[in-house]
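Visitor: Below is the sequence, then the predicted model.
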Number of protein chains: 2
Amino acid sequence: MLPEGVAIDPLTGAVTPNTGEYTKRLSEFRGIYRDQKAFDALLGMAGDLVTYRVVEYRAENSDIFFGTTTMMPGRVGDEYFMTRGHYHARRDRGEIYYTQSGEGMLVLQSRDGQTREVAMKPGICAFIPPDWAHRSVNTGKTPLVFTWCCGQDAGHDYDEIAAKGMRTLVIAENEVSVCIPNPKYVT
Amino acid sequence: MLPEGVAIDPLTGAVTPNTGEYTKRLSEFRGIYRDQKAFDALLGMAGDLVTYRVVEYRAENSDIFFGTTTMMPGRVGDEYFMTRGHYHARRDRGEIYYTQSGEGMLVLQSRDGQTREVAMKPGICAFIPPDWAHRSVNTGKTPLVFTWCCGQDAGHDYDEIAAKGMRTLVIAENEVSVCIPNPKYVT
């Protein structure tokens, strides 16, 4: 593909032109939130909401690619809408997340048990080292939009986080977001 | 290095924290502009101005890295302040340039003689394919600030552009920037 000026809308996450997108819906997060009753109640009341959308610009002749993730605001009990969380399939591949609008928390953990959370807000470019699992959490009242960039061969490994969860939860306490150890985390 | 939230100032290009920076000054562009008299006059009058600054965040354990380039506004005759222009040393490494503030033109050319120019303005993420030489030109009246991201092993090959120039010049005609074929380009 030729050089291109790709427009990124910081409020909607639109990428123009783009080479593909997908959305994730609330029903795909069954079993992930600790408050199952709140999950069922929200699903029954609001329907199968889109919780986030990923749009990418992937040139077949490039090593790196980029795109946006646009996360809707919302809560399930005292937890927020969030991404699934994943390691990269290739353990030597890092990533950057540049927040365009909204506010959130980037939750990270390494294979050897370290944890770290990075606040997401406009102007912050989060560095995600290779082999650190990462999950984005929208802690605000508006969409959280960030631009990401990584190697096309980084790949995704969702299985470990899907099976074990993450070591840290982000919860709302009196309308303030707080990071706490996940009591159900399986070491 | 651990995960980090790196602040990028869209107006100054400051990167906090960062791992290094360098500046380029006008005197390093001797012989590059076509109006040698204007070059000498500006150097004599204004001194050895900083024309651009590059600040990087490079983690030794990551495949990719990122940073900012902040280009001062200015002209040498009818040409603008610009970067040296380069290919990557590795021919399979692309890059992205996300404009934070200001306006400019990204001038590109491939090894086989294709040329392309991409307008730089806030919100535009320029995709630079592998093995396309690229030069940024500040066509505005304010600093041009962009965030870049590429593989740490991409490397730089400045020699060919330094020896031959680029196929396309960006010049000011009646205060409008225009792209023209470089009459002195050595094929």
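Guide: Right, received. Where do you want to start? Numbers count the residues shown, from 1 in each chain, chains lettered A, B, ... in the order given.

Visitor: chain center to the helix or strand bottoming out on mean pLDDT in chain A: distance?
Guide: Taking mean pLDDT, DSSP states H and E as the measure, helix A:159-164 is the helix or strand of chain A with the lowest mean score, a mean of 95. Its chain's C-alpha centre lies 15 Å from the corresponding centre of helix A:159-164 when counted by Cα atoms, centre = their mean, to the nearest Å.

Visitor: Tell me the buried residues in that helix?
Guide: For helix A:159-164, the neighbour count (16 or more other Cβ atoms under 10 Å in any protein chain shown) marks A:Ile161, A:Lys164 as buried. (Each C-beta comes from the backbone N, C-alpha and C, glycine too.)

Visitor: likewise stretch A:142-162?
Guide: A:Pro143, A:Leu144, A:Val145, A:Phe146, A:Thr147, A:Trp148, A:Cys149, A:Cys150, A:Gly151, A:Gln152, A:Ala154, A:Ile161.

Visitor: Ends of that stretch, what's the gap?
Guide: The separation between the terminal residues of stretch A:142-162, taken as Cα to Cα, to the nearest Å, is 26 Å.

Visitor: Count residues in the vicinity of the residue nearest to A:Leu2 when sequence neighbours are not counted, would you?
Guide: The spatial neighbour of A:Leu2 that comes closest, neighbours along the chain excluded (Cβ to Cβ, 6 or more residues apart in numbering or on different chains), is B:Arg116 at 5.9 Å. Other residues near B:Arg116 number 19, with proximity taken as other Cβ atoms under 10 Å in any protein chain shown.

Visitor: Relative to the whole chain's centre, how far out is the host helix or strand of B:Arg116?
Guide: Applying DSSP states H and E as the criterion places B:Arg116 in strand B:115-120. For strand B:115-120, the separation from the chain centroid amounts to 12 Å (computed by Cα atoms, centre = their mean).

Visitor: Tell me the first helix or strand C-terminal of that strand.
Guide: Downstream of strand B:115-120, the first helix or strand assigned by DSSP H and E is strand B:124-128.

Visitor: Can you tell me which helices and strands that next one packs against?
Guide: strand A:4-8, strand B:95-101, strand B:104-110, strand B:115-120 (3 or more Cβ pairs under 8 Å, 6 or more residues apart in numbering or on different chains; DSSP states H and E).

Visitor: Listing partners with orientation, what would you give for the first one?
Guide: In other words, strand A:4-8. The partner list of strand A:4-8 in its sheet, established with DSSP bridges, is strand A:15-16 (antiparallel), strand B:124-128 (antiparallel).

Visitor: So for the longest one, what gets flagged as buried?
Guide: Translated: strand B:124-128. Buried residues in strand B:124-128, counted by 16+ other Cβ under 10 Å: B:Ile124, B:Cys125, B:Ala126, B:Phe127, B:Ile128.

Visitor: Identify the bridge partners of the second one.
Guide: Each beta-bridge partner of B:Cys125 is listed here: A:Val6, B:Tyr98, as defined by DSSP bridges.

Visitor: Surely it touches A:Pro10?
Guide: No: judged on Cβ atoms under 8 Å, B:Cys125 makes no contact with A:Pro10 at a distance of 11.1 Å.

Visitor: which SSE is the nearest residue to A:Val76 once chain neighbours are set aside in?
Guide: The shortest distance from A:Val76 to any residue other than its chain neighbours is 4.2 Å, reached at A:Tyr33 (Cβ to Cβ, 6+ apart). If you go by DSSP H and E, A:Tyr33 is not part of any helix or strand.
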